[in-house]
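Q: Next input, structure requested:
(chains A and B)
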There are 2 protein chains.
Amino acid sequence: MANNNNKKMVEQITSMDEDFAKWYTDIVKKADLIDYSSVKGCMIIRPYGYAIWENIQSLLNNRFKKTGVENVYMPMFIPESLLQREKDHVEGFAPEVAWVTHGGSEPLTEKLCVRPTSETLFCEHYANIIRSYRDLPKMYNQWCSVVRWEKTTRPFLRSREFLWQEGHTIHATAEEAEKETLQMLQVYADFFEKDLGIPVLKGQKTEKEKFAGAKATYTVEALMHDGKALQGGTSHNFGDGFAKAFNIQYLDKDNTLKYGHQTSWGVSTRIIGAIIMTHGDDNGLVLPPLVAPTQLVVVPIAQHKEGVIDKATEIYERVSNFVRAKIDISDNSPGWKFAEYEMKGVPLRLEIGPRDIEANQCVLVRRDNREKLVVSLDELETVIPQLLESITENLYNKASENRKNRTYTETDLDSFIKTAQEKSGYIRAHWCGDLACELKLKEIADVTSRCMPFGEQGTEGTCICCGKKTDKLVYWGKAY
Amino acid sequence: MANNNNKKMVEQITSMDEDFAKWYTDIVKKADLIDYSSVKGCMIIRPYGYAIWENIQSLLNNRFKKTGVENVYMPMFIPESLLQREKDHVEGFAPEVAWVTHGGSEPLTEKLCVRPTSETLFCEHYANIIRSYRDLPKMYNQWCSVVRWEKTTRPFLRSREFLWQEGHTIHATAEEAEKETLQMLQVYADFFEKDLGIPVLKGQKTEKEKFAGAKATYTVEALMHDGKALQGGTSHNFGDGFAKAFNIQYLDKDNTLKYGHQTSWGVSTRIIGAIIMTHGDDNGLVLPPLVAPTQLVVVPIAQHKEGVIDKATEIYERVSNFVRAKIDISDNSPGWKFAEYEMKGVPLRLEIGPRDIEANQCVLVRRDNREKLVVSLDELETVIPQLLESITENLYNKASENRKNRTYTETDLDSFIKTAQEKSGYIRAHWCGDLACELKLKEIADVTSRCMPFGEQGTEGTCICCGKKTDKLVYWGKAY
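A: Numbering: from 1, shown residues only, chains lettered A, B, ... in the order given. The predicted model follows:
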């Protein structure tokens, strides 16, 4: 019975090797992360999915606040004239915004777009509130939803509306702005690697791939299980471009008016897509413990026997003091429960039955590697937190191994094209810096530049496309 | 110097007795709660204002979660056809929604409104996910922004976009839905009274004032310092009206299909307006300690003297273990700092100077009544939490006193009209239940029915308007 149920559930997910895209959509539905609605291209984030997002918010808020960032809330509408103030910015975003043209039954005198990002609003606000060097820096962030009118959508990865945070800071000098841009990139890198167990490449985007209106865009890039890349978060240095467009000036100590220097940085619900595709397997979701809504589920074995549910409940209450725990005493068979919580990616399962109780022990089963450990009931307080930490580490190591195995270095164009056709992963190759070469590689090998990683620049090579000497090294790939 | 600064800041606020509306807008600006932008009718919530909202969210989330509520996120757009599914609902909201008609440069095939509230989306989702009695109840909530195209707007009280939470639940029976509606009303009442120190009337709205599509609307109503009423939160019982419109059926234990019974309930950033207008005074904001971003500010006295800043910092670090504290060691004079943190409504000020240090003591000053207490440094851990609690209590008592003084009972129409003209507050008067009388009172006395409080119904009287016998008692007033 247990096995049947188990089998039945597992059969419902497509295997990742068979069809990775289908496997992904199966998981987001079967693990109750999202639902579809009649609002095309938008998703409903269900309680289990939203709880992951709340944990992500809380971890990031803590990291942001340590650097002095404050949360605010800006209007969700941007008047057309305001969006147009910075030329590159409006060119980048106008083609994909949703326009509000009527309020009630009356046409608006000026149409409003639903924010695709809020640089323009923050700039207008900064112009209002900044007068002197004493007002600097301002380091603001907001959690909100943004809208981009995408043609093809996929839950978490690309949808017309998505949740994100957008940080917007303004500083007295170019140096401070650059420092902030890199600091926030490091905050993202630490969050991905230490909290989510997802290794990332930190580096700079090419001119072609940078944010509309930015001087420089930095990125943390993750590699998914199938070898496709995913941009995890970006941090932009705007220099004083926006400040000039919006006339954000401050009176400096030397009594002269100067323009502020700005940054912005953001991550979104895409992170949940990255978690699924980095750690998931054919049994479902595998959640990093720090963002798992339930970190440990207690499953009583032979629960009809006297004392089992009582003991299981006692343990559940005890572990609830230090982990997000759940107990399942429903009528479903243990096998059904095992499959259900594996599907939902719960990091640890605690099984306890009559024989365990007699021996003052329980069985702990890890979701990441399915390892079973028999543990004394006296040791739960020390063993469980250690195991959760070790799961994050193991997830990180497995993902690093995958990235290593899927990173190819190429030095001539034919091999580059062959690798792009036959393999899925990053291709490391030198690049001269010319847009023409970047576009050509897209055309002939269907790859885009993902990033120019810090620490891999400055060694001599030749452009994979035109053969020119260069010290720029790019990771190329296909991306979500 | 200290006095000058102090005076200068205080002069900047209009006194409440002189012009309450101006006093209010002065406070929201000078306490750095909001800023205006070029987005007409929308506000920017600045860090200090947003931190209050974050504290409100956290307190309410805890109260919600204890009753089994789970957070979700629904799309912000509603297709026109979906909004139209429930007749009363669309009539109530369609005149004041913002319409998205274009995505990028293309017109949409069906226009979308920006959610004014999300009943229709939750209903569609419930119809998708509910099959059997085992799937019930569902108790969902979302934190988001909503849009209503208001003609005249005021920060926090009425704006085209505002932040709120909307709970949406569905139950097997009418009884369970009614129980949930009243339970959530009680959650709001407890939150207002215990967490914010704002006394509320709990009661039912008249047919005229109820929510578009609801069977019954319950409300918690607060009375502002100036005697105008403010609807603090509402809880609606929908019966099975929406379930029928959206075909939300479940297979019950008896193997028959039945419609679900629904509720919704919400509070918004209006709460911040209520806090300002209930507790504020001519020196600025007065914040209830539980939502104050800073609960205690340490102000060193004669900070240039040796050891003062060190000692003040030591105390700041110590109290930070149990309150949200801040220390101000800027160059500004103590007087300037006193005025600044009074304006910002910080509940407690801790002053420490050379003589205090010598005597192992400090001075604690309450914002609510400006009482000064000399306290031994050994007692901070016990005295400060007690004081914060006592401040909430005192705020509650003061506001209750104001409400008592501004509640008038009338039994004949002439006195009713006279009171409505000459006084500002609630008028208690019987009402027959007819819409005609309610409309007439609006016309001749410019008051609306605020609520029919529980516990005040069932005593015989005569309708203040038509003289018919009735046991319905209504609180009438002017409202924000």
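
Q: Could you pull out the buried residues of the one helix or strand A:N394 maps to?
A: Remark: A:N394 resides in helix A:380-405, with elements defined by DSSP states H and E. By 16 or more other C-beta atoms under 10 Å in any protein chain shown, the buried positions in helix A:380-405 come out as A:380, A:383-384, A:387-388, A:391-392, A:394-396, A:398-399, A:402-403. The way it works is simple: take the backbone N, C-alpha and C, and place the C-beta from them, glycine included.

Q: Same check on stretch A:245-265?
A: A:245-246, A:248-250, A:258-265.

Q: Could I get the average pLDDT for the helix holding A:N394?
A: The average of the pLDDT scores along helix A:380-405 is 98.

Q: quick check, distance from it to the centre of its chain.
A: Centroid separation for helix A:380-405 versus its chain: 18 Å, with C-alpha atoms, centre = their mean, to the nearest Å.

Q: any residues touching the very next helix or strand once past that helix, and which ones?
A: Using DSSP H and E, the helix or strand that follows helix A:380-405 in sequence is strand A:407-409. With C-beta atoms under 8 Å, 6 or more residues apart in numbering or on different chains as the test, strand A:407-409 has contacts from A:223, A:419, A:423, A:425-429, A:475.

Q: which of the residues in the next helix or strand after strand A:407-409 are buried?
A: Counting by DSSP H and E, the element after strand A:407-409 in chain order, helix or strand, is helix A:413-422. Using 16+ other C-beta under 10 Å as the test for burial, helix A:413-422 gives A:413, A:416-417, A:419-420.

Q: Among those, which one lies nearest to chain B?
A: Minimum distance to chain B across those is 30.7 Å, recorded for A:A420 (C-beta to the nearest C-beta).

Q: quick one: contacts for that closest one?
A: Here A:A420 is in contact with A:427, A:445-447, A:476 (criterion: C-beta under 8 Å, 6+ apart).

Q: Need the max-distance pair from these.
A: For these, the maximum inter-member distance is 11.4 Å, found between A:I427 and A:D446 (C-beta to C-beta).

Q: Mind telling me what element the residue most central in space within chain A is part of?
A: Geometric centre of chain A, nearest residue: A:I271, 2.1 Å, by C-alpha atoms, centre = their mean. For A:I271, the host element (DSSP H and E) is helix A:270-279.

Q: From the contact counts, what lies against that helix?
A: helix A:20-30, helix A:47-66, strand A:216-223, strand A:229-239, helix A:380-405 (3 or more C-beta pairs under 8 Å, 6 or more residues apart in numbering or on different chains; DSSP states H and E).

Q: how about those in CSV, adding distance to B:T409?
A: Shown next, in CSV, are the helices and strands packed on helix A:270-279 (distance: least, C-beta to C-beta, whole Å):
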stretch, distance to B:T409
helix A:20-30, 59
helix A:47-66, 47
strand A:216-223, 66
strand A:229-239, 61
helix A:380-405, 61
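
Q: Please name whichever of the ones you listed is nearest to chain B.
A: helix A:47-66 (3.8 Å).

Q: wait, does that closest one contact chain B?
A: Yes - for helix A:47-66, a contact with chain B is found by C-beta under 8 Å from any C-beta of the partner chain, at A:47, A:50-51, A:53-54.

Q: Tell me which stretches of the stretch 201-350 of chain A form helices.
A: A:241-246, A:270-279, A:308-319, A:334-343 (DSSP state H, counting those that start in this stretch).

Q: The last one versus helix A:20-30: what angle between them?
A: Put plainly, it is helix A:334-343. 120 degrees (axes from the mean of the first three to the mean of the last three C-alpha atoms, to 10 degrees).

Q: Just list what helix A:334-343 packs against, helices and strands only.
A: Using 3+ C-beta pairs under 8 Å, 6+ apart, helix A:334-343 sits against helix A:2-11, strand A:296-300, strand A:348-352.

Q: Repeat that for the longest one.
A: Counting contacts by 3+ C-beta pairs under 8 Å, 6+ apart, helix A:308-319 is packed against strand A:296-300, strand A:325-327, strand A:348-352, helix A:354-358, helix A:380-405.

Q: out of the ones you listed, which comes closest to B:A172?
A: The minimum distance between B:A172 and those falls on strand A:325-327, with 23.5 Å, by C-beta to C-beta.

Q: What number of residues are in the vicinity of the residue lying closest to A:E460 once chain neighbours are set aside?
A: The shortest distance from A:E460 to any residue other than its chain neighbours is 5.7 Å, reached at A:D471 (C-beta to C-beta, 6 or more residues apart in numbering or on different chains). Other residues within reach of A:D471, judged by other C-beta atoms under 10 Å in any protein chain shown, total 11.

Q: Show the backbone phi and psi for the residue of chain A positioned farthest from its centre.
A: Computed with C-alpha atoms, centre = their mean, the maximum C-alpha offset from the centroid of chain A is found at A:E306, amounting to 45.9 Å. Main-chain torsions, A:E306, degrees, to the nearest 10: phi -60, psi 130.
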